[in-house]
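Participant: Here is a sequence together with a model predicted from it:
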Amino acid sequence: MTNQYDFDTIVDRRTSGNSYKWEGMKSAMKENAGNVLAVSTADMDFLTATKIVERLRESARREIFGYTCPTNEYYDAIVNWMQRRHQWRIEKESIALAPGIVSALTYLIHALTEPGDGIVIQPPVYPPFARTIRVLGREQISNPLVNANGCYSIDFDDLEQKAARKNAKLMILCSPHNPVGRVWLRAELEQVADICLRHDVFIISDEIHFDIVFPPHRHTVFPTLDRDLQNRCVVCTSPSKSFNIAGLQVSNIVIPNREIRQKYVDAALYCGFNALNTLAFPACIAAYNECEDWFDKALKYIRQNDQLVRDVLGQRLPNVVISPLQATYLQWLDFSRLGFDALTLRQFLREKAGVFFDDGFLFGDEGKQFERFNLAYPRAVIEEVVRRVAKAANCK
Ligand SMILES: Cc1ncc(COP(=O)(O)O)c(C=O)c1O
(Lines give C-alpha, C1' and ligand atoms only; values in the text may rest on other atoms or scores of the structure.)
Protein backbone atom coordinates (compact mmCIF):
# COMPACT_ATOMS: atom_id res chain seq x y z
CA MET A 1 0.00 0.00 0.00
CA THR A 2 1.33 3.47 -0.86
CA ASN A 3 2.16 5.90 1.90
CA GLN A 4 -0.77 8.30 2.17
CA TYR A 5 1.49 11.19 3.07
CA ASP A 6 4.38 10.78 0.72
CA PHE A 7 5.88 14.12 -0.20
CA ASP A 8 9.41 12.81 -0.67
CA THR A 9 9.03 10.63 -3.75
CA ILE A 10 10.39 12.32 -6.85
CA VAL A 11 7.79 11.93 -9.56
CA ASP A 12 9.30 11.91 -13.02
CA ARG A 13 7.42 14.64 -14.82
CA ARG A 14 10.39 15.54 -17.01
CA THR A 15 9.78 12.58 -19.28
CA SER A 16 6.02 12.16 -18.80
CA GLY A 17 5.57 14.37 -21.87
CA ASN A 18 2.46 16.14 -20.59
CA SER A 19 3.49 18.41 -17.73
CA TYR A 20 2.86 22.01 -18.73
CA LYS A 21 5.69 23.12 -16.49
CA TRP A 22 8.34 20.63 -17.56
CA GLU A 23 7.42 20.78 -21.25
CA GLY A 24 7.55 24.59 -21.02
CA MET A 25 11.05 24.40 -19.60
CA LYS A 26 12.12 21.96 -22.33
CA SER A 27 10.78 24.07 -25.16
CA ALA A 28 12.42 27.23 -23.73
CA MET A 29 15.77 25.53 -23.13
CA LYS A 30 15.81 23.36 -26.28
CA GLU A 31 19.01 21.31 -26.48
CA ASN A 32 20.16 22.79 -23.16
CA ALA A 33 17.19 21.37 -21.22
CA GLY A 34 19.29 18.37 -20.13
CA ASN A 35 19.42 18.36 -16.39
CA VAL A 36 17.64 21.68 -15.73
CA LEU A 37 15.15 21.62 -12.83
CA ALA A 38 11.77 23.24 -13.52
CA VAL A 39 10.46 24.85 -10.34
CA SER A 40 8.08 27.24 -12.05
CA THR A 41 4.29 27.07 -12.75
CA ALA A 42 2.11 26.73 -9.66
CA ASP A 43 1.27 23.07 -9.44
CA MET A 44 2.81 20.58 -7.01
CA ASP A 45 5.28 17.86 -7.89
CA PHE A 46 3.85 15.72 -5.07
CA LEU A 47 1.90 12.53 -5.55
CA THR A 48 -1.82 13.25 -5.25
CA ALA A 49 -3.59 12.33 -2.00
CA THR A 50 -4.48 8.63 -2.09
CA LYS A 51 -8.15 9.24 -1.33
CA ILE A 52 -8.55 11.44 -4.40
CA VAL A 53 -6.86 8.85 -6.59
CA GLU A 54 -9.07 6.10 -5.15
CA ARG A 55 -12.21 8.10 -5.79
CA LEU A 56 -11.17 8.74 -9.38
CA ARG A 57 -10.41 5.04 -9.86
CA GLU A 58 -13.84 4.21 -8.53
CA SER A 59 -15.38 6.62 -11.08
CA ALA A 60 -13.36 5.07 -13.88
CA ARG A 61 -14.45 1.58 -12.82
CA ARG A 62 -18.04 2.52 -13.63
CA GLU A 63 -16.87 2.90 -17.22
CA ILE A 64 -19.21 5.71 -18.11
CA PHE A 65 -18.19 9.29 -18.79
CA GLY A 66 -21.37 10.93 -20.04
CA TYR A 67 -22.61 14.41 -19.04
CA THR A 68 -22.53 14.75 -15.30
CA CYS A 69 -24.26 17.17 -12.95
CA PRO A 70 -23.28 18.44 -9.53
CA THR A 71 -24.97 16.56 -6.70
CA ASN A 72 -25.92 17.58 -3.18
CA GLU A 73 -22.86 15.71 -1.99
CA TYR A 74 -20.76 18.03 -4.14
CA TYR A 75 -22.35 21.21 -2.85
CA ASP A 76 -22.26 19.99 0.75
CA ALA A 77 -18.54 19.25 0.47
CA ILE A 78 -17.88 22.85 -0.61
CA VAL A 79 -20.23 24.47 1.92
CA ASN A 80 -18.72 22.42 4.76
CA TRP A 81 -15.14 23.18 3.75
CA MET A 82 -15.82 26.92 3.69
CA GLN A 83 -17.45 26.72 7.09
CA ARG A 84 -14.83 24.48 8.67
CA ARG A 85 -11.66 26.03 7.26
CA HIS A 86 -12.73 29.62 6.79
CA GLN A 87 -15.68 30.21 9.13
CA TRP A 88 -17.54 31.33 6.05
CA ARG A 89 -21.18 30.40 5.74
CA ILE A 90 -22.36 30.15 2.16
CA GLU A 91 -25.57 28.95 0.58
CA LYS A 92 -25.21 26.21 -1.95
CA GLU A 93 -27.31 28.28 -4.37
CA SER A 94 -24.57 30.92 -4.38
CA ILE A 95 -22.05 28.53 -5.96
CA ALA A 96 -21.50 28.90 -9.70
CA LEU A 97 -19.20 26.51 -11.52
CA ALA A 98 -16.18 27.20 -13.68
CA PRO A 99 -13.52 25.01 -15.28
CA GLY A 100 -10.84 27.23 -13.74
CA ILE A 101 -10.42 30.62 -12.18
CA VAL A 102 -8.81 32.08 -15.29
CA SER A 103 -11.91 31.10 -17.27
CA ALA A 104 -14.12 32.51 -14.51
CA LEU A 105 -12.30 35.84 -14.73
CA THR A 106 -13.21 36.04 -18.41
CA TYR A 107 -16.88 35.31 -17.66
CA LEU A 108 -16.95 37.80 -14.81
CA ILE A 109 -15.31 40.58 -16.79
CA HIS A 110 -17.86 39.99 -19.57
CA ALA A 111 -20.69 39.99 -17.08
CA LEU A 112 -19.67 43.05 -15.11
CA THR A 113 -17.96 45.46 -17.50
CA GLU A 114 -18.02 46.88 -21.02
CA PRO A 115 -15.11 47.25 -23.44
CA GLY A 116 -13.03 50.26 -22.40
CA ASP A 117 -13.94 49.99 -18.71
CA GLY A 118 -11.06 50.11 -16.27
CA ILE A 119 -10.06 47.19 -14.03
CA VAL A 120 -7.74 47.71 -11.07
CA ILE A 121 -5.04 45.15 -10.33
CA GLN A 122 -2.07 45.19 -7.97
CA PRO A 123 1.18 44.25 -9.69
CA PRO A 124 3.40 42.39 -9.41
CA VAL A 125 0.54 39.92 -9.76
CA TYR A 126 -0.52 36.64 -11.37
CA PRO A 127 -0.03 37.34 -15.13
CA PRO A 128 -3.44 36.17 -16.45
CA PHE A 129 -5.10 39.12 -14.67
CA ALA A 130 -3.45 41.62 -17.01
CA ARG A 131 -3.67 39.26 -19.99
CA THR A 132 -7.42 38.71 -19.61
CA ILE A 133 -8.05 42.45 -19.23
CA ARG A 134 -6.05 43.13 -22.38
CA VAL A 135 -7.59 40.36 -24.46
CA LEU A 136 -11.10 41.49 -23.55
CA GLY A 137 -10.34 45.10 -24.52
CA ARG A 138 -10.67 46.55 -21.03
CA GLU A 139 -8.18 49.00 -19.56
CA GLN A 140 -5.71 47.86 -16.94
CA ILE A 141 -5.47 50.29 -14.05
CA SER A 142 -2.43 49.46 -11.94
CA ASN A 143 -2.20 50.04 -8.22
CA PRO A 144 1.34 48.70 -7.71
CA LEU A 145 2.18 47.18 -4.35
CA VAL A 146 4.84 48.89 -2.26
CA ASN A 147 7.98 46.85 -1.62
CA ALA A 148 9.98 47.57 1.52
CA ASN A 149 12.92 45.16 1.49
CA GLY A 150 10.71 42.23 0.48
CA CYS A 151 7.70 43.16 2.66
CA TYR A 152 4.81 44.25 0.50
CA SER A 153 1.88 46.51 1.31
CA ILE A 154 -0.92 48.33 -0.48
CA ASP A 155 -0.59 51.97 -1.51
CA PHE A 156 -4.02 53.12 -0.36
CA ASP A 157 -3.61 56.74 -1.50
CA ASP A 158 -2.91 55.48 -4.99
CA LEU A 159 -5.80 53.01 -4.80
CA GLU A 160 -8.12 55.83 -3.81
CA GLN A 161 -7.06 57.82 -6.88
CA LYS A 162 -7.27 54.85 -9.22
CA ALA A 163 -10.70 53.74 -7.96
CA ALA A 164 -11.93 57.32 -8.39
CA ARG A 165 -11.21 57.25 -12.13
CA LYS A 166 -14.36 57.60 -14.15
CA ASN A 167 -14.01 54.34 -16.02
CA ALA A 168 -12.90 52.22 -13.01
CA LYS A 169 -15.58 49.54 -12.66
CA LEU A 170 -13.87 46.51 -11.23
CA MET A 171 -10.96 45.46 -9.05
CA ILE A 172 -9.38 42.01 -9.13
CA LEU A 173 -7.95 41.39 -5.72
CA CYS A 174 -5.45 38.56 -5.26
CA SER A 175 -6.00 37.33 -1.72
CA PRO A 176 -3.69 35.84 -0.56
CA HIS A 177 -1.39 37.45 -3.04
CA ASN A 178 0.55 35.57 -5.72
CA PRO A 179 3.52 36.12 -6.09
CA VAL A 180 4.39 38.26 -3.03
CA GLY A 181 2.97 35.76 -0.52
CA ARG A 182 1.00 38.25 1.54
CA VAL A 183 -2.07 37.37 3.61
CA TRP A 184 -3.95 40.64 3.69
CA LEU A 185 -4.88 41.77 7.18
CA ARG A 186 -8.50 42.32 8.00
CA ALA A 187 -7.77 46.05 8.40
CA GLU A 188 -6.17 46.19 4.94
CA LEU A 189 -9.13 44.42 3.35
CA GLU A 190 -11.50 46.79 5.12
CA GLN A 191 -9.68 49.71 3.57
CA VAL A 192 -9.88 48.11 0.12
CA ALA A 193 -13.61 47.49 0.64
CA ASP A 194 -14.20 51.02 1.86
CA ILE A 195 -12.45 52.58 -1.14
CA CYS A 196 -14.17 50.31 -3.66
CA LEU A 197 -17.63 50.77 -2.15
CA ARG A 198 -17.28 54.55 -2.08
CA HIS A 199 -16.26 54.62 -5.74
CA ASP A 200 -18.69 51.97 -6.88
CA VAL A 201 -15.96 49.57 -7.95
CA PHE A 202 -17.05 45.91 -7.89
CA ILE A 203 -14.57 43.41 -6.43
CA ILE A 204 -13.54 40.02 -7.73
CA SER A 205 -11.63 38.44 -4.87
CA ASP A 206 -9.46 35.66 -6.27
CA GLU A 207 -8.90 33.47 -3.21
CA ILE A 208 -7.59 30.36 -4.95
CA HIS A 209 -4.65 30.22 -2.48
CA PHE A 210 -6.74 30.83 0.65
CA ASP A 211 -6.15 27.41 2.23
CA ILE A 212 -2.39 27.64 1.85
CA VAL A 213 -1.78 30.01 4.75
CA PHE A 214 0.94 29.57 7.36
CA PRO A 215 0.21 30.19 11.03
CA PRO A 216 0.08 32.61 12.76
CA HIS A 217 -1.32 34.34 9.67
CA ARG A 218 -5.05 34.12 9.18
CA HIS A 219 -6.92 34.61 5.98
CA THR A 220 -10.11 36.68 5.88
CA VAL A 221 -12.60 35.78 3.18
CA PHE A 222 -13.48 39.11 1.61
CA PRO A 223 -17.30 39.24 1.97
CA THR A 224 -17.10 38.16 5.63
CA LEU A 225 -15.93 41.70 6.39
CA ASP A 226 -19.38 43.17 6.06
CA ARG A 227 -22.83 42.11 4.90
CA ASP A 228 -23.02 45.08 2.50
CA LEU A 229 -20.26 43.47 0.48
CA GLN A 230 -22.39 40.46 -0.47
CA ASN A 231 -23.79 42.39 -3.43
CA ARG A 232 -20.55 44.10 -4.34
CA CYS A 233 -18.13 41.21 -4.66
CA VAL A 234 -17.67 37.62 -5.79
CA VAL A 235 -15.12 35.13 -4.48
CA CYS A 236 -13.19 32.74 -6.72
CA THR A 237 -12.39 29.46 -4.96
CA SER A 238 -11.08 26.09 -6.02
CA PRO A 239 -9.58 22.93 -4.55
CA SER A 240 -7.03 22.90 -7.39
CA LYS A 241 -4.05 24.59 -5.68
CA SER A 242 -4.49 23.03 -2.24
CA PHE A 243 -4.90 19.48 -3.55
CA ASN A 244 -2.95 19.72 -6.78
CA ILE A 245 -5.84 18.90 -9.09
CA ALA A 246 -5.59 21.90 -11.46
CA GLY A 247 -5.65 19.54 -14.44
CA LEU A 248 -9.12 18.34 -13.43
CA GLN A 249 -10.45 21.86 -13.87
CA VAL A 250 -12.89 22.44 -11.06
CA SER A 251 -13.60 25.84 -9.54
CA ASN A 252 -16.41 27.24 -7.48
CA ILE A 253 -17.29 30.90 -7.80
CA VAL A 254 -19.31 32.18 -4.89
CA ILE A 255 -21.78 34.80 -6.08
CA PRO A 256 -24.33 35.58 -3.37
CA ASN A 257 -26.33 38.08 -5.43
CA ARG A 258 -28.85 36.26 -7.62
CA GLU A 259 -28.88 38.81 -10.46
CA ILE A 260 -25.12 38.90 -10.69
CA ARG A 261 -25.07 35.12 -10.62
CA GLN A 262 -27.46 35.00 -13.55
CA LYS A 263 -25.29 37.47 -15.45
CA TYR A 264 -22.30 35.23 -14.73
CA VAL A 265 -24.10 32.12 -15.99
CA ASP A 266 -25.14 33.96 -19.17
CA ALA A 267 -21.60 35.27 -19.75
CA ALA A 268 -20.18 31.78 -19.20
CA LEU A 269 -22.62 30.39 -21.78
CA TYR A 270 -21.70 33.20 -24.15
CA CYS A 271 -18.07 32.11 -23.77
CA GLY A 272 -19.00 28.49 -24.43
CA PHE A 273 -18.99 26.98 -20.95
CA ASN A 274 -21.93 25.04 -19.59
CA ALA A 275 -20.70 21.98 -17.70
CA LEU A 276 -17.75 20.58 -15.79
CA ASN A 277 -15.99 17.38 -16.73
CA THR A 278 -17.11 14.12 -15.10
CA LEU A 279 -14.03 13.65 -12.93
CA ALA A 280 -14.07 17.19 -11.54
CA PHE A 281 -16.86 16.33 -9.09
CA PRO A 282 -15.47 13.22 -7.40
CA ALA A 283 -12.06 14.88 -7.14
CA CYS A 284 -13.48 17.94 -5.39
CA ILE A 285 -15.66 15.84 -3.07
CA ALA A 286 -12.79 13.59 -2.06
CA ALA A 287 -10.45 16.56 -1.54
CA TYR A 288 -12.77 18.52 0.71
CA ASN A 289 -14.32 15.57 2.57
CA GLU A 290 -11.45 13.15 2.94
CA CYS A 291 -8.10 14.84 2.44
CA GLU A 292 -7.87 17.57 5.03
CA ASP A 293 -5.16 15.72 6.94
CA TRP A 294 -3.18 15.25 3.72
CA PHE A 295 -3.44 18.96 3.08
CA ASP A 296 -2.32 19.90 6.61
CA LYS A 297 0.72 17.69 6.25
CA ALA A 298 1.53 19.13 2.83
CA LEU A 299 1.35 22.60 4.32
CA LYS A 300 3.87 21.71 7.04
CA TYR A 301 6.18 20.13 4.50
CA ILE A 302 6.07 23.25 2.32
CA ARG A 303 6.78 25.40 5.36
CA GLN A 304 9.92 23.33 6.03
CA ASN A 305 10.97 23.74 2.40
CA ASP A 306 10.57 27.48 2.78
CA GLN A 307 12.75 27.47 5.89
CA LEU A 308 15.39 25.36 4.19
CA VAL A 309 15.73 27.84 1.33
CA ARG A 310 15.94 30.76 3.76
CA ASP A 311 18.60 29.03 5.84
CA VAL A 312 20.82 28.04 2.93
CA LEU A 313 20.45 31.11 0.74
CA GLY A 314 20.47 33.39 3.78
CA GLN A 315 23.91 32.07 4.62
CA ARG A 316 25.40 31.63 1.17
CA LEU A 317 23.67 34.39 -0.80
CA PRO A 318 22.55 37.04 1.68
CA ASN A 319 22.13 39.53 -1.17
CA VAL A 320 19.03 37.73 -2.38
CA VAL A 321 15.99 39.10 -0.59
CA ILE A 322 13.28 36.50 0.02
CA SER A 323 9.84 37.93 0.81
CA PRO A 324 8.24 36.51 3.97
CA LEU A 325 5.99 33.61 2.97
CA GLN A 326 2.67 34.11 4.70
CA ALA A 327 0.70 32.13 2.13
CA THR A 328 0.99 30.14 -1.14
CA TYR A 329 3.81 27.74 -1.98
CA LEU A 330 5.49 30.35 -4.13
CA GLN A 331 8.56 32.14 -2.89
CA TRP A 332 9.34 35.58 -4.29
CA LEU A 333 13.04 36.27 -4.58
CA ASP A 334 14.64 39.61 -5.30
CA PHE A 335 17.94 39.15 -7.14
CA SER A 336 18.44 42.83 -7.97
CA ARG A 337 21.44 43.20 -5.66
CA LEU A 338 23.35 40.70 -7.78
CA GLY A 339 23.43 43.37 -10.47
CA PHE A 340 22.01 41.45 -13.43
CA ASP A 341 19.36 42.88 -15.71
CA ALA A 342 16.21 40.77 -16.04
CA LEU A 343 17.26 38.80 -19.11
CA THR A 344 20.81 38.19 -17.93
CA LEU A 345 19.41 36.98 -14.61
CA ARG A 346 17.17 34.51 -16.44
CA GLN A 347 20.10 33.31 -18.53
CA PHE A 348 22.34 32.99 -15.50
CA LEU A 349 19.77 30.94 -13.55
CA ARG A 350 18.75 28.72 -16.44
CA GLU A 351 22.07 28.17 -18.13
CA LYS A 352 24.64 28.53 -15.39
CA ALA A 353 22.70 27.30 -12.35
CA GLY A 354 20.41 24.88 -14.22
CA VAL A 355 17.20 26.00 -12.52
CA PHE A 356 14.07 27.24 -14.22
CA PHE A 357 11.98 29.64 -12.11
CA ASP A 358 9.13 31.88 -13.27
CA ASP A 359 10.70 35.20 -14.29
CA GLY A 360 9.50 38.07 -12.17
CA PHE A 361 8.91 40.41 -15.11
CA LEU A 362 6.05 38.16 -16.23
CA PHE A 363 4.16 39.53 -13.22
CA GLY A 364 4.60 43.14 -14.36
CA ASP A 365 7.48 45.59 -14.62
CA GLU A 366 7.59 45.67 -10.83
CA GLY A 367 8.89 42.10 -10.94
CA LYS A 368 12.01 42.76 -13.02
CA GLN A 369 15.06 41.11 -11.42
CA PHE A 370 12.80 38.89 -9.32
CA GLU A 371 12.08 35.20 -9.69
CA ARG A 372 9.26 33.03 -8.35
CA PHE A 373 10.30 29.73 -6.84
CA ASN A 374 7.71 26.93 -6.49
CA LEU A 375 8.32 25.13 -3.19
CA ALA A 376 5.83 22.28 -3.63
CA TYR A 377 8.53 19.72 -4.42
CA PRO A 378 10.18 16.82 -2.66
CA ARG A 379 12.82 18.10 -0.23
CA ALA A 380 15.68 16.61 -2.27
CA VAL A 381 14.71 18.76 -5.27
CA ILE A 382 14.54 21.92 -3.18
CA GLU A 383 17.95 21.14 -1.69
CA GLU A 384 19.41 20.64 -5.14
CA VAL A 385 17.92 23.91 -6.45
CA VAL A 386 19.41 26.00 -3.65
CA ARG A 387 22.72 24.19 -3.92
CA ARG A 388 22.86 25.00 -7.64
CA VAL A 389 21.89 28.65 -7.25
CA ALA A 390 24.35 29.24 -4.43
CA LYS A 391 27.17 27.50 -6.28
CA ALA A 392 26.57 29.36 -9.56
CA ALA A 393 26.33 32.73 -7.82
CA ASN A 394 29.42 32.26 -5.70
CA CYS A 395 31.60 31.48 -8.68
CA LYS A 396 30.11 34.19 -10.85
C1 LIG B 1 -4.10 33.93 -8.17
C2 LIG B 1 -4.37 32.80 -9.12
N3 LIG B 1 -5.56 32.72 -9.74
C4 LIG B 1 -5.83 31.72 -10.60
C5 LIG B 1 -4.91 30.74 -10.86
C6 LIG B 1 -5.21 29.64 -11.85
O7 LIG B 1 -6.43 29.16 -11.72
P8 LIG B 1 -7.05 28.03 -12.68
O9 LIG B 1 -6.01 27.02 -12.92
O10 LIG B 1 -8.19 27.55 -11.86
O11 LIG B 1 -7.48 28.75 -13.91
C12 LIG B 1 -3.67 30.77 -10.24
C13 LIG B 1 -2.67 29.75 -10.54
O14 LIG B 1 -1.54 29.83 -10.17
C15 LIG B 1 -3.41 31.82 -9.35
O16 LIG B 1 -2.23 31.92 -8.72
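Facilitator: Received, thanks.

Participant: tell me which parts of the stretch 251-396 of the chain are close to the ligand?
Facilitator: Contact residues (Cβ under 6 Å from any ligand atom) of the stretch 251-396 of the chain with the ligand: Ser251. Yep, even glycine has a C-beta here, placed from its N, CA and C like the rest.

Participant: Map the structural domains onto the sequence of this protein.
Facilitator: As assigned by automatic domain parsing, the chain contains the domains 20-49+292-394, 66-290.

Participant: could the ones you listed be laid out in TSV, adding mean pLDDT?
Facilitator: Formatted as TSV, the domains of the chain follow (pLDDT from 0 to 100):
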stretch	mean pLDDT
domain 20-49+292-394	96
domain 66-290	97
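
Participant: Can you add mean neighbour count and give those domains back as TSV?
Facilitator: Shown next, in TSV, are these (neighbours: other Cβ atoms under 10 Å):
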stretch	mean neighbour count
domain 20-49+292-394	19
domain 66-290	19
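
Participant: where does the residue in the stretch 1-150 of the chain that the ligand sits nearest to fall, phi/psi-wise?
Facilitator: Using Cβ to the nearest ligand atom, the single residue of the stretch 1-150 of the chain nearest to the ligand is Gly100, 2.9 Å away. Dihedral pair for Gly100: phi 160, psi 160, per degrees, to the nearest 10.

Participant: I'd say it and Ser251 touch.
Facilitator: Yes. Using Cβ atoms under 8 Å, Gly100 is in contact with Ser251, at 5.6 Å.

Participant: overlap in contacts of those two?
Facilitator: Ser238, Ser240 (Cβ atoms under 8 Å, 6 or more residues apart in numbering).

Participant: still on that earlier bit, could you check how far the residue of the stretch 1-150 of the chain closest to the ligand is from Ala275?
Facilitator: Distance, Gly100 to Ala275, by Cβ to Cβ, to the nearest Å: 14 Å.

Participant: before we move on, what about Gln140?
Facilitator: Distance from Gln140 to Ala275, counting by Cβ to Cβ: 31 Å.

Participant: which bits of the stretch 101-250 of the chain sit near the ligand?
Facilitator: So far as Cβ under 6 Å from any ligand atom goes, the stretch 101-250 of the chain lies against the ligand at Ile101, Val102, Tyr126, Cys174, Asn178, Asp206, Ile208, Ser238, Ser240, Ala246.

Participant: and the longest strand for this structure?
Facilitator: The longest strand of the chain (DSSP state E) is strand 168-174.

Participant: if we look at it, which residues are touching it?
Facilitator: 105, 109, 112-114, 117-122, 125-126, 129, 141, 162-163, 192, 196, 199-206, 222.

Participant: Which strand or helix spans Tyr107?
Facilitator: Using DSSP states H and E, Tyr107 sits in helix 101-112.

Participant: Next secondary structure after that helix?
Facilitator: Criterion used, DSSP H and E; the element after helix 101-112 is strand 118-121.

Participant: Parallel or antiparallel, which strands does that next one pair with?
Facilitator: strand 139-142 (parallel), strand 168-174 (parallel) (DSSP bridges).

Participant: Residues in contact with it: which ones?
Facilitator: For strand 118-121, contacts defined as Cβ under 8 Å, 6+ apart pick out 109, 113, 129-130, 133, 138-143, 159, 162-163, 165, 167-172, 174, 201.

Participant: Kindly recompute the last result at 7 Å.
Facilitator: Where contact means Cβ atoms under 7 Å, 6 or more residues apart in numbering, the residues beyond strand 118-121 that reach it are 109, 113, 129-130, 133, 138-143, 162-163, 165, 167-172, 201.

Participant: mind listing the helices for the stretch 1-150 of the chain?
Facilitator: 20-29, 50-61, 72-86, 101-112, 128-135 (DSSP state H, counting those that start in this stretch).
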